[in-house]
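K.L.:
quick one: sequence plus predicted model below, questions after.
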Amino acid sequence: MAGELTSWNAYLKKLDGRKPNAKLATFHARYKFAYNFEGMQINGMAENTKNLYYLVTKVGFAYSALENLEVSLRTGHASPIIAPDLALYVRSSMPRALDQIQKKMYLNESLRNRLVLFFDDPSASDVRPIVEQFRHSLFHGKFTPTGWGLSSGYRSTELLEGLSQVTLRHADQTFTKWFKQQTKSGLQQT
């Protein structure tokens, strides 16, 4: 099935007919929605601009799924999304981003500091601050593709697709790790 979590069916089987935890079922629905999100209709905008908005929205939906999972599992922390090649690609594809972060974006201090560290440290490989920044600026801030230094070209498209994919993969891996731990100790409803 398209967009299915690696361990979801095994999780359902382990429940032996019991209903899945409501919070995990919500995560599963958000994950599938983000994974299968294919586009949106926007009138009065150039095709390339529409595509960038679609891709940033997909990043936001992917992050929403991950965030929902972490709340559901009560992890108490936001785990890093490690993607060294993508982190390097972000820094080279968004040369004006740090300037925008420092001068124009309305971000909380913690996120702003993590973004500054990300852009200042060429070895930083946790792309979570970038994913959060896109989600935050799109849904709560003043996102525009050009404001973030995104162009209608291949690099921006590849970058945003990569961020949504790595975020969804991280959510899948986090769920799978939790499920494996649960099967060792007897499946608990969280």
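P.N.:
Alright, I've got the coordinates. Residues are numbered from 1 along each chain as shown.
K.L.:
report the central residue of this protein.
P.N.:
Closest to where the C-alpha atoms of the chain average out (C-alpha atoms, centre = their mean) is residue 63, at 3.0 Å.
K.L.:
and that one, what pLDDT?
P.N.:
We have a pLDDT of 96 for residue 63.
K.L.:
residue 118 now?
P.N.:
If you check residue 118, the pLDDT there is 92.
K.L.:
do you know how far it is from residue 183?
P.N.:
35 Å (C-beta to C-beta, to the nearest Å). Glycine gets a C-beta too; all of them are placed from N, C-alpha and C.
K.L.:
which one's more surrounded, those two?
P.N.:
A count of neighbours by other C-beta atoms under 10 Å puts residue 118 above the other of residue 118 and residue 183, at 23 against 13.
K.L.:
surely the more buried one and residue 124 touch.
P.N.:
Yes: using C-beta atoms under 8 Å, residue 118 is in contact with residue 124, at 4.8 Å.
K.L.:
now do the shared contacts for these two.
P.N.:
Common contacts of residue 118 and residue 124 (C-beta atoms under 8 Å, 6 or more residues apart in numbering): residue 87.
K.L.:
contacts only, for residue 134.
P.N.:
56, 59-60, 63, 143, 148, 160, 163.
K.L.:
between which two of these is the distance greatest?
P.N.:
Taking C-beta to C-beta as the measure, those span a maximum distance of 15.5 Å, between 63 and 148.
K.L.:
nearest residue to residue 179 other than its sequence neighbours?
P.N.:
residue 7 (4.3 Å; C-beta to C-beta, 6 or more residues apart in numbering).
K.L.:
wait, the one you found sits on residue 177?
P.N.:
No: Residue 7 is not in contact with residue 177 according to C-beta under 8 Å; the separation is 9.0 Å.
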